[in-house]
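Sequence first, then the predicted structure, then my questions.
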Amino acid sequence: MTEDLTDRTTNGKAKECAQIARILAGERDLFHELIRPHERVVYRMLFSMLNNEAEAEDASQAAIIHAYTNLAKYRGESRFSTWLVTIALNEGRNRLRKAKTMREDSIEALSEESDGDYTPALLTDWREIPSAVLERKEVRAHLEKAIDQLPAIYREVLVLRDVEGLDIEETAQGLSITAASVKVRLHRARRLLQKNLAPVLKGYAPKGKSWLGAWS
Amino acid sequence: MKIDCKHVWDHISSYIDGEISQELRNEIDRHLDHCSICSATIDSTRNIVVLVADERVYEIPSGFSQRLHARLDDVIRHEG
């Protein structure tokens, strides 16, 4: 499985580099194709920062246009998606700064050493909650709210690693932090989510075999 | 080495990602065999990580892609 993933990543990167070369050589419309697989990541990253649909959409457009006009500056050292995440992150941070709505936790600049209460929600058993529960809007809202309430530096890592599926190295590059910091922040983000979400979500565990039927 | 609950909690994330030594994994597994709280903590964390990765979380607004590509078209057309 690891080999497949490595192959796919290598091939994907080679394909993207070839596309970028063609765009820079004049086939401008190819940028549409280049960006299509990444536009969701950009939006979700920005929504998690700005917490407003319209603002996140506008910021996504601005970030992607910035990537287009600065494409010649992409050197291929990192994956294109990582480069794009950095642009999106800067766009989001600039907007937060301009609006002076910087969340308190960002100003506070929590450090890796900061102590917090990461004691998990103590449960004695856990019944698996199937992904099907996400059909319910209120469950999605619980998840989004819990992510939103994380301190910014943990939220950014969680969104890139767990929501978008970037690996540790890509996340580290995208956020300009070390791989060790990614691991610490991810660990804390996941523990905070467990602490805040597990007590709420456990009420959505299936009661029996025909649990889905109970909702219809 | 016998590990306690707090020690297990320190490794939840790397345990889930499979990024710990076999020795530590065995220790944690032994602890989980008799500790229902830590078992539930790890199971619920893993479950939440799976749910968070679902595409239905952070739904993309309808028409997002069309509006983005229309705006990109504008930029590309007005460039030269």
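Cool, got the structure.

who's in contact with residue 41?
Since no chain was named, I'll use chain A. Contact analysis of A:Val41 by CB atoms under 8 Å, 6 or more residues apart in numbering or on different chains lists A:81, A:84-85, A:88, A:164. From N, CA and C alone the C-beta is placed, and that goes for glycine too.

that answer is for a different chain, and I need it for chain B
Contact analysis of B:Thr41 by CB under 8 Å, 6+ apart lists A:120-123, A:194, B:8-9, B:12.

repeat for A:Asp125
B:36, B:39-40.

Just read off the phi/psi values of it.
With angles defined as degrees, to the nearest 10, A:Asp125 sits at phi -150, psi 160.

ok, now the one 3 residues further on?
When read as degrees, to the nearest 10, the backbone of A:Glu128 gives phi -50, psi 130.

So it sits against B:Arg46, correct?
No. Using CB atoms under 8 Å, A:Glu128 makes no contact with B:Arg46, being 9.2 Å away.

neighbour-wise, which of these two wins?
B:Arg46 (18 against 11; other CB atoms under 10 Å in any protein chain shown).

Output the helix or strand that contains the more buried one in CSV with nothing but the alpha carbons.
Assessed by DSSP states H and E, B:Arg46 sits inside helix B:36-52. This file holds the C-alpha atoms of helix B:36-52, laid out as CSV (Å, rounded to 0.1, in the frame of the first residue of the first chain):
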residue,chain,number,x,y,z
SER,B,36,-11.9,-0.1,29.5
ILE,B,37,-11.4,3.7,29.8
CYS,B,38,-8.2,3.8,27.7
SER,B,39,-9.8,1.4,25.2
ALA,B,40,-12.8,3.7,24.9
THR,B,41,-10.5,6.7,24.6
ILE,B,42,-8.5,5.3,21.8
ASP,B,43,-11.6,3.9,20.0
SER,B,44,-13.4,7.2,20.2
THR,B,45,-10.4,9.2,19.1
ARG,B,46,-9.9,6.9,16.1
ASN,B,47,-13.6,7.1,15.3
ILE,B,48,-13.6,10.9,15.4
VAL,B,49,-10.5,11.1,13.2
VAL,B,50,-12.4,9.0,10.6
LEU,B,51,-15.5,11.2,10.8
VAL,B,52,-13.5,14.4,10.5
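
Over in chain A, which residue gets nearest chain B? Let me know.
Residue nearest to chain B within chain A: A:His187 (3.7 Å; CB to the nearest CB).

Let me see the contact set for that residue.
B:12-14.

tell me which of these is nearest to chain A?
Nearest to chain A among the contacts of A:His187: B:Ser13, at 3.7 Å, using CB to the nearest CB.

Neighbours of the closest one, how many?
Residues contacting B:Ser13 under the criterion other CB under 10 Å number 23.

neighbouring contacts of the helix or strand encompassing it?
Per DSSP H and E: B:Ser13 is located in helix B:12-16. Residues from elsewhere that reach helix B:12-16 (CB under 8 Å, 6+ apart): A:120, A:183, A:186-187, A:190-191, A:194, B:8, B:20, B:25, B:28, B:41-42, B:45-46, B:49.

ok now do the residue sitting nearest the centre point of chain A, which residues does it touch?
The centroid of chain A falls nearest to A:Val159 when counting by CA atoms, centre = their mean (2.5 Å). By CB under 8 Å, 6+ apart, the contact set of A:Val159 is A:44-45, A:48, A:147.

So which of those residues belong to helices?
A:44-45, A:48, A:147 (DSSP state H).

Can you say which two of these are spatially most distant?
A:Met45 and A:Ile147 (11.7 Å; CB to CB).

just checking, A:Ala205 touches A:Ala132?
No. Using CB under 8 Å, A:Ala205 is not in contact with A:Ala132, being 11.8 Å away.

thinking again about what came up before, next step: the contacts of A:Val41 restricted to helices.
Among the contacts of A:Val41, the members falling in helices (DSSP H) are A:81, A:84-85, A:88.
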